[in-house]
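Student: Sequence plus the predicted model coming up.
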Amino acid sequence: MSSALSLAHEPVTGIRHGKLGMWIFLASEVMFFSGFFTAFIILRNTNLPVFAHGASELNWQLAALNTVNLIVSSLTMAMAILSLEHGNKSRFQLYMGITFLCACGFLVIKYIEYTTKFSHGIYPGTSSFFGLYFTMTGFHAMHVIGGMIPIGWMLAKSFTKRGYSDWERVEILGLYWHFVDLVWIFLFPVLYLIF
Amino acid sequence: MGAGLSAEEMQKSYLKIFGALMVFTLLTIIAAKFVHFPESWGGLSTTLHVTIGLIIAVAKAWMVVYVFMHIKFDNPYIRVFIYIPLFLFSVLVFALTVLGGPTL
């Protein structure tokens, strides 16, 4: 492969620009979430009773269900990429559809969690724990919504006459989607479990 | 894609990681909610719970990155982008275990 002559690839490394851009974006996303985690760690370590009390108000069973949701959607996303790469359109639609549904399920559970908190009179200003809880899970939920838009678009496009065959783009979207799962992997024990 | 691996082999490694992620999720819940250390251990028991939860989370994160995000199969140059931030983040979260000490 003469990647040096192809404009689709970075000339030195031979990595596609889209993928390279996504990895740089994800590295910046790690820094973005690190800010929240640092704030959480410092405030928790100096106000342990406030945080232990706050965490005891959370519904870890619902969060565990959401963990399963995201792990399943990560698997189906990986399978969707593999299917499209091998030209299996109906499998791609099936796996992409499951991924989208898992994301919907995640948001429904998040909605239930939030509204339960509100009905108990718990808001972001209730304590430093809940301020961080709503900020961190809120930004994470926004990332889920942000992923659902291209997932839905690619899925919808694959049902049109022209279809959708650019598996390398789906792979780049997959990197983002696995990152969303990655953030939740840390949010779940840190917010819900470790107290 | 897949460094010469067939679709079946790729699918197999995805399913293996999926299974491992599910088992680790179950383990982290059991360790946090159903394993109780003796009362006399005091702060040490919290530190232990935090440490176990974080080790499992870091292991899960590296599994997702290595297989689902194709680091295992992809151009090695990409590793630079993710290994350094993920390593730093993995170290950062362990600051959660630093508790106690004299309070002012």
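Tutor: Structure received. Residues are numbered from 1 along each chain as shown, chains lettered A, B, ... in the order given.

Student: Not counting stretch B:5-12 itself, show me its contacts.
Tutor: A:79, A:82, A:85, A:86, B:2, B:13, B:73 (C-beta atoms under 8 Å, 6 or more residues apart in numbering or on different chains). C-betas here are computed from N, CA, C, even on glycine.

Student: Quick check: the third one touching residue A:167?
Tutor: Yes - using C-beta atoms under 8 Å, residue A:85 is in contact with residue A:167, at 4.4 Å.

Student: Stretch A:106-118 close to chain B?
Tutor: No - judged by C-beta under 8 Å from any C-beta of the partner chain, stretch A:106-118 makes no contact with chain B; its nearest approach is 14.6 Å.

Student: for stretch A:9-23, same thing?
Tutor: Yes - contact between stretch A:9-23 and chain B, assessed by C-beta under 8 Å from any C-beta, occurs at A:13, A:14, A:15, A:19, A:20, A:23.

Student: Pull the contacting residues for the fourth one.
Tutor: Listed by C-beta under 8 Å, 6+ apart, the contact set of residue A:19 reads A:168, A:171, A:172, A:175, B:78.

Student: cool, residue A:172 as well?
Tutor: Taking C-beta under 8 Å, 6+ apart, one finds A:16, A:18, A:19, A:22 in contact with residue A:172.

Student: Out of those, which sit inside helices?
Tutor: A:18, A:19, A:22 (DSSP state H).

Student: residues contacting residue B:86?
Tutor: A:30, B:61, B:62, B:65.

Student: Pull up the per-residue confidence for residue 20.
Tutor: All of this is about chain A. If you check residue A:20, the pLDDT there is 90.

Student: um, chain B though
Tutor: As predicted, residue B:20 sits at a pLDDT of 98.

Student: so who does it touch?
Tutor: Counted by C-beta under 8 Å, 6+ apart, residue B:20 has contacts residue B:63.

Student: Do a quick rundown of the helices in the chain.
Tutor: Looking at chain A here, since you left the chain open. Counting by DSSP H, the helices of chain A are A:17-46, A:48-56, A:60-85, A:89-119, A:128-158, A:167-187.

Student: Let me rephrase: I mean chain B.
Tutor: B:7-29, B:43-63, B:79-93.

Student: tell me the most buried of those?
Tutor: With neighbours defined as mean count of other C-beta atoms under 10 Å in any protein chain shown, the helices of chain B peak in mean count at helix B:43-63, which reaches a mean of 19.

Student: Just confirm yes or no for that helix near chain A.
Tutor: Yes - judged by C-beta under 8 Å from any C-beta, helix B:43-63 comes into contact with chain A at B:46, B:49, B:50, B:53, B:54, B:56, B:57, B:60, B:61.

Student: Tell me how far that helix lies from the chain's centre.
Tutor: 8 Å (C-alpha atoms, centre = their mean, to the nearest Å).

Student: List the contacts of that helix.
Tutor: For helix B:43-63, using C-beta under 8 Å, 6+ apart, the contacting residues are A:48, A:182, A:185-186, A:188-190, A:193-195, B:17, B:20-21, B:24-25, B:27-28, B:31-32, B:35-38, B:41, B:86, B:90, B:93-94, B:96-97, B:99-100.

Student: repeat that for 6 Å
Tutor: Helix B:43-63 has contacts (C-beta atoms under 6 Å, 6 or more residues apart in numbering or on different chains) with A:182, A:185-186, A:189, A:193-194, B:17, B:21, B:24, B:28, B:31-32, B:37, B:90, B:93-94, B:96-97, B:99-100.

Student: ok, residue A:98 - how many residues close by?
Tutor: Per other C-beta atoms under 10 Å in any protein chain shown, the neighbour tally for residue A:98 reads 17.

Student: Assess the claim that it and residue A:78 are in contact.
Tutor: No - with contact defined as C-beta atoms under 6 Å, residue A:98 does not reach residue A:78; the gap is 11.7 Å.

Student: Of the ones in helices among the contacts of residue A:172, which is the nearest to residue A:153?
Tutor: Checking these against residue A:153 with C-beta to C-beta, the nearest one is residue A:18 at 15.5 Å.

Student: burial count for the closest one?
Tutor: 17.
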